[in-house]
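1. Need the 3D shape of this:
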Amino acid sequence: MAYRYWCGECGFKTSWGTESEGEREQLAHYARNHPGIVPGGQVETDGRSPSGGSGCLTFLGIVIVLVILAASCHR
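-> Numbers count the residues shown, from 1 in each chain. Predicted structure coming up:
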């Protein structure tokens, strides 16, 4: 599960990541931009993995298909 935290005071939102990464980013944002205000806002969740990973597999699959097509056209 991936998480993204939205600031309750401005339009800031954290990057997608783990729950703890999002909390850290939000706390750092509040300390830097809204000192003295208790962190608030909302949390957005997504069912995907925060580390991604499928993009590399997709790229590898496309490369393999292209190599097979190139080899079959060569003959």
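2. So which residue is smack in the middle of this protein?
-> For the chain, the residue nearest the mean C-alpha position is Trp16 (3.2 Å; C-alpha atoms, centre = their mean).
3. What is the burial count for Gly22?
-> 23 (other C-beta atoms under 10 Å). Every C-beta, even on glycine, is put in place using the N, C-alpha and C of the backbone.
4. Scan the helices and strands of the protein for the one with the lowest mean pLDDT.
-> Ranked by mean pLDDT, DSSP states H and E, the weakest helix or strand in the chain is helix 54-74, scoring a mean of 81.
5. just the CA coordinates of that one, formatted as PDB?
-> Taking Å, rounded to 0.1, in the frame of the first residue of the first chain, the C-alpha atoms of helix 54-74 are listed here in PDB:
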ATOM      1  CA  SER A  54       6.500  -3.300 -12.400                       C
ATOM      2  CA  GLY A  55       7.900  -0.600 -14.700                       C
ATOM      3  CA  CYS A  56      11.200  -2.500 -14.900                       C
ATOM      4  CA  LEU A  57       9.400  -5.800 -15.700                       C
ATOM      5  CA  THR A  58       7.400  -4.100 -18.400                       C
ATOM      6  CA  PHE A  59      10.500  -2.600 -20.000                       C
ATOM      7  CA  LEU A  60      12.300  -6.000 -19.900                       C
ATOM      8  CA  GLY A  61       9.300  -7.700 -21.500                       C
ATOM      9  CA  ILE A  62       9.200  -5.200 -24.400                       C
ATOM     10  CA  VAL A  63      13.000  -5.600 -25.000                       C
ATOM     11  CA  ILE A  64      12.600  -9.400 -25.100                       C
ATOM     12  CA  VAL A  65       9.700  -9.100 -27.600                       C
ATOM     13  CA  LEU A  66      11.800  -6.700 -29.800                       C
ATOM     14  CA  VAL A  67      14.800  -9.000 -29.800                       C
ATOM     15  CA  ILE A  68      12.600 -12.000 -30.800                       C
ATOM     16  CA  LEU A  69      11.000  -9.900 -33.600                       C
ATOM     17  CA  ALA A  70      14.400  -8.800 -34.800                       C
ATOM     18  CA  ALA A  71      15.800 -12.300 -34.800                       C
ATOM     19  CA  SER A  72      12.700 -13.700 -36.700                       C
ATOM     20  CA  CYS A  73      13.000 -10.900 -39.400                       C
ATOM     21  CA  HIS A  74      16.700 -11.500 -39.900                       C
END
